[in-house]
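Student: sequence-free structure coming up:
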């Protein structure tokens, strides 16, 4: 007997009435009841996994042709009508609390755990077992995201999905695969679609990013075989990149792999909104570093060339108005300009000191520093594109992954101190 | 921020002391503490998934060379020291109970759910992310099974593993693959090893079972790529098999596929003790039926030729001593022997009426009837091997999978009535 | 002992002198001699196949950096200095002629055959055995093609290569593979490069040609794994296409596969100049027809939509000047225009009656009619592009592959009669 | 226009009459004529390659059910009735001879070459293009082999097939693949079937030969995808093997790969009689050496442990009767026995000096020495099996492949001197 067999749907007439009473939904009460019945049939006790999956397929077909409002109603039903029975949870909790410290503790924990497994979870599992079911759930959650803020009731479903996804998409089940110019055209097209940091403008652009001196890796999952869940673009160079411009120059000759000492991670993009909260980035970077070291034993330096997305917005709150005015055309500032010096100082400050809730303020900094990297170098005019100027006055930053110090940096960060290089420290004013 | 991030290890000095006090374990208190520290380091908050995985690898290496008693201590620590904090659970439960029916219900459910996720779960996930981690966990659980009865304290860990496995090994993630004489020799060797119903005696035996008139299918999972989790052996015939003997006869010529109307499932074996409670059989049979129908549109009948493992043991309690005495050499009973008639009657009774807790008493019957099959026909001398005689006086049974009636049969069963054919009914005395 | 072992290089001092005397080559006599020595070392009797292959690799490296004139000298050496010994051939021929009709005939034939195998053949085989050797030979022959007309001496090498290629690239060794949008981007890029009938203008264009209502198949050979040797583009439609325009319209919605009754072969391109004389087209079309019929049993009609590349050139010789003048803007001619009628008449004449050496005059007609197709329908404004207007005043033609009549048509053609439809016949004036 | 198009069948009534006159064949003249017609239809000029292949399929079906005598008649027709026209050959030869040294030489060679291509070759190519055609031809030639001695007329067909096979099965088209315990069971079974040196007695035996300290490699061709054409078994050891016994001991523990310095090739078997004359062995050994060096850079010595199949037979002619008598039980001879010394001396003599037609007398010696190996060491009781005793009084020999001296050894051999080690030289009497 499986642990899951005890998770029965507990939706009562009262719960449904409450749902109906409190809100004006798109579906008529009659249709709402019928949809609920369909969903309940998916996890009906006397139904086998296989038949449950078939029932789920029916729901999926209905959903495919449903209107946005109808879909939202289904989410609501899934969120509100498939909770564990609070009464039963309460009883199991009391029994468990009473057993703590006694020889019956383990058995009581088992019973408590069973009582808390929601029928919603079983519902999600039945969907997952239908052909295309995982794809359906990931897409459905992506579609739900914009509604979450305005409709708190969906949060229970959202969290349940996040939990299931974080189990199903466990790193243990992901394949690291190289994406190259020999990959399917349909996959290369997805790079164009999903690239989130430096837009890919054309097939010539993406071909350049897959040239002999580049590497691109993605994580794939057996249930979404044609989709990279996340991918990273790497340039192999003989020194640490200071500007994105030559990397995106389609006409530039590929650099000599035999001389490569440095791997620059210059773009990393998540592709599935529906997998929000399931984090792949840290694992991806570390597995790619291992893969690159095996292929190119001469590589010594692993670093990023990263945007600073939050710099300008923060400056506009923190920096003096006079400085901000002087920053109209940052690309025209000469190397000795005091404005330039001031901007570099504020940027160093922003990356090296500003935190929120104990974590780096800048989103990209938060990610790489959280992985154990340190702030290494600021690059003037690293990204002179309109987007680069708008985000960070054209500045870019290198985060250095020093493999022997990842743990040390992580511990520093946990203690509230952002790890930075001497170069960054020198920029503080 | 992931839902999992809130699940912190809550093992307190008191809990550990209690563990130490109540039991004399194999490890010294000092070593026990160190092992606990190692395990806690796997899910340490400041540690990334990648480093957590690496830490888990260290534990796995320790385990590989540990003694049985030391291993049991580690299980105990994992079971007892990584529970969710009961106090926190209690508070969250109270808040949730108070919010039921209010607009805050969903948010309260989320918090409650987080509080109940045990650190043990995160521990298992970190192990799973290490290379070979899933294999390690499945093997470890297999090793634990014999201890579960005598040591109730391990039950919490066992159930947690069952839960994680039933998610990781969800049918959605399994590959149905045909196993044939063109499959790797190392895989064919595993059929020999794992076959649980009719022992495979030699390579000639297994080659016969993979001949042109046979099919063998297994479920595979990406984390255990070379292991069938379960496999089924099928014979394609022109009528319903009544004896296992010709099926296992290596010298028999393969039957003509063009005339096949009937698929006989004559053996189905689970291979991983560590996956106990995770059920694959129903899905396997139904996916195999679909696959066979696609390849052989002329197939009309899908049935098993199954042992009746519990018949003799039940008879020895239920049947008159005189009958039992007369059953010494069942193979010698002529077709008109009243003893034979009596035995068939008792067997029909056993399969068609005997239940335990609402489910068929016989384990194999329970499985197939639970899938929606019905008891179709009893076969005299169906298995004249010593094992067959010992289990069921040589009787075998066909369960029929009538695809249009699976649901109907399942519903009957849920109402306490075992579906049987007219032939079986006629045997009742 | 292999049949090949008797084929020794017979280049004598006299032959080389003659070569040197007759022509002023790019290499000095000294270098020419050295190059010859290198080539001879490849097939040196005491050298094994493996060492011969290694020696060939050395020649390939030299060639890679050689000038065009030096390369041409090497071709010349290969063509002139590696013939079978004419004296020995003569003797063997005489012995064979004497043995015809006697019991020794077979043995004499064997000896004669051995005497005629040129060392050049063995040279090519040794090159083929080197890594990348086949690729090298195919490219070398492609490079030679433009020189063949002006330098008759290369003809022996060219024919030897054609012979070896027709054996190595025997249809038995070719793989028919579908090329789709899921094929490697580098392969899809090759479609863009090699398409010879209707130029592919962009990635959007090629994506449209690989859409759900299209099929593209190519022949591949294990030695050139990333190159289609030939490929065909097919549209699945509900009637016979009359214009190329909608087929190349990237914005057009794909047609409904469930209604497809007709497969239109609208482009077929050879890719390797070096394989000239080795014909794949007939096999390709027939294997594609079989593949399509298996996938889409409802397909009834298999036809092409083809250009008429030689029409205008022929008209300019054959048609009255007045008609030619009236054909300045054929797209503007109304459906009832007598000029239009006249042009269609001349075109029908051209396709249905004009032959050269017993074969259809038009190159594309020659190919399809040679395969057993018939001329089915002329399409006004079928290709209104500048190229279409220039070749054939915008006319296109359908060749119909009626599978039950291929042999009949082929026999008709062998008897000098071009198979045409009634529609075409009606156009004759 | 392909070079092959000119090769027409030239079988005349006279030739067929001669065939009928000279021999009493199994087929009646009527059937013989019909079979000839069927064969001629395969290469009929107006027939495309595709239809020719289809016609060939018909012949293959007829052949499948034909009697041995009928098959032999078909071979005879293929051998005698599909020669090039001797008259045409004669004319072409005369024209070619006249053109030698003139600018027309190349063109004349081309015409001559065309005239000599026999219709038989085209016939074989058409068979090859049919599905399963290559398999058919290889099997047919294997079947013919026993008849070749008694029926000289078949020789022309046999040589033509050898020629075509040596082109089709060129090393350039072979795949070197490792065969392991993870290879298909059906393939491992073929090792059991084809092993020609040391019989494989059981599945345990073959599993031992595929253990972690062993390697097995075979050459495969795309047209016979499931058949190794030849395979070699290798043991990785820390010194040069002196006896086959421990290598075939299923109970022996695998040796430590980390300490392996020596690769011993202890068995090499051709599998296809039909490919006689097409040699793979030299390439196989050299490619395996490269593969092993890449996987195990510490390997320094590559040698065989080989039987001496012709020793006893040669001794019985060459050695004194007295010695032969004393060799009844060689295994019982002590290390200092003079008989043992004498036998080793004769064996050294046999391997190091005896040649036939300039090549080593012993068949295995001929193969390895021809590849550039040298005779390295004689091993007393290297193969104490009945077969070993019968062939060579239990002696085995190591041939050493010294990669830097293969060419030198080969040149020595070409000059009539067999390369041997000092150890062997010391054994000479």
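Tutor: Sure thing, it's come through. Just so we're clear, the structure is a prediction, and the values are computed from it rather than from any experiment.

Student: give me the neighbour count for residue A:297.
Tutor: 8 (other CB atoms under 10 Å in any protein chain shown). Every residue, glycine included, has its C-beta placed from N, CA and C.

Student: okay, it: pLDDT?
Tutor: Looking at residue A:297, its pLDDT reads 94.

Student: how close does residue A:164 sit to residue C:404?
Tutor: 57 Å (CB to CB, to the nearest Å).

Student: which one of these two is surrounded by more residues?
Tutor: Taking other CB under 10 Å, residue A:164 and residue C:404 do not tie; residue A:164 has more neighbours (22 against 6).

Student: what's near enough to touch the closest residue to chain C within the stretch 301-429 of chain A?
Tutor: The nearest approach of the stretch 301-429 of chain A to chain C comes at residue A:385, 23.4 Å away (CB to the nearest CB). Residue A:385 makes contact with A:198, A:244, according to CB atoms under 8 Å, 6 or more residues apart in numbering or on different chains.

Student: how close does it get to chain D?
Tutor: Distance, residue A:385 to chain D, by CB to the nearest CB, to the nearest Å: 46 Å.

Student: where does the residue of the stretch 201-350 of chain A found nearest chain B sit: helix, strand or coil?
Tutor: Minimum separation of the stretch 201-350 of chain A from chain B (CB to the nearest CB) falls at residue A:286, amounting to 4.5 Å. Under DSSP: H, G, I helix; E, B strand; the rest coil, residue A:286 falls in the helix class.

Student: distance check, the closest residue to it other than its chain neighbours against residue C:175.
Tutor: The shortest distance from residue A:286 to any non-neighbouring residue, by CB to CB, 6 or more residues apart in numbering or on different chains, is to residue B:50 (4.5 Å). The gap separating residue B:50 from residue C:175 is 42 Å, by CB to CB.

Student: what sits up against stretch A:352-363?
Tutor: Here stretch A:352-363 has contacts from A:308-311, A:314, A:350-351, A:366, A:369-370, A:375, A:413, A:416, A:418, A:420, A:424-425, A:428, using CB under 8 Å, 6+ apart.

Student: rerun at 10 Å
Tutor: When contacts are defined by CB atoms under 10 Å, 6 or more residues apart in numbering or on different chains, stretch A:352-363 is touched by residues A:306-311, A:313-314, A:318, A:347, A:350-351, A:365-370, A:374-375, A:392, A:397, A:413-421, A:424-425, A:427-428, B:1.

Student: for stretch A:53-62, same thing?
Tutor: Stretch A:53-62 is contacted from outside by A:35, A:38-44, A:47-48, A:66, A:70-71, A:74, A:78, A:123-133, A:135-137, A:140, B:171-172, B:283, B:286, B:407, using CB under 10 Å, 6+ apart.

Student: try 8 Å
Tutor: In contact with stretch A:53-62 (CB under 8 Å, 6+ apart) are residues A:35, A:38-39, A:41-42, A:44, A:47, A:74, A:126-127, A:129-133, A:136, B:171.

Student: quick check, the residue in the stretch 201-350 of chain A closest to chain D?
Tutor: For the stretch 201-350 of chain A, CB to the nearest CB, closest residue to chain D: residue A:297, 14.5 Å.

Student: picking that back up, which members of the contacts of stretch A:53-62 occur in helices, if any?
Tutor: A:35, A:38, A:39, A:41, A:42, A:74, A:126, A:127, A:129, A:133, A:136 (DSSP state H).

Student: which ones are touching the second one?
Tutor: Listed by CB under 8 Å, 6+ apart, the contact set of residue A:38 reads A:55, A:58, A:59, A:62.

Student: need the residues you listed in JSON lines (columns: neighbour count and pLDDT).
Tutor: Listed next are the contacts of residue A:38 as JSON lines, based on neighbours: other CB atoms under 10 Å in any protein chain shown; pLDDT from 0 to 100:
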{"residue": "A:55", "neighbour count": "21", "pLDDT": "92"}
{"residue": "A:58", "neighbour count": "13", "pLDDT": "95"}
{"residue": "A:59", "neighbour count": "22", "pLDDT": "96"}
{"residue": "A:62", "neighbour count": "14", "pLDDT": "95"}
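
Student: now for whichever helix or strand residue A:87 is part of, which elements pack on it?
Tutor: Here residue A:87, judged by DSSP states H and E, is contained in helix A:86-99. Packing contacts for helix A:86-99, counted by 3 or more CB pairs under 8 Å, 6 or more residues apart in numbering or on different chains; DSSP states H and E, involve helix A:105-116, helix B:86-99.
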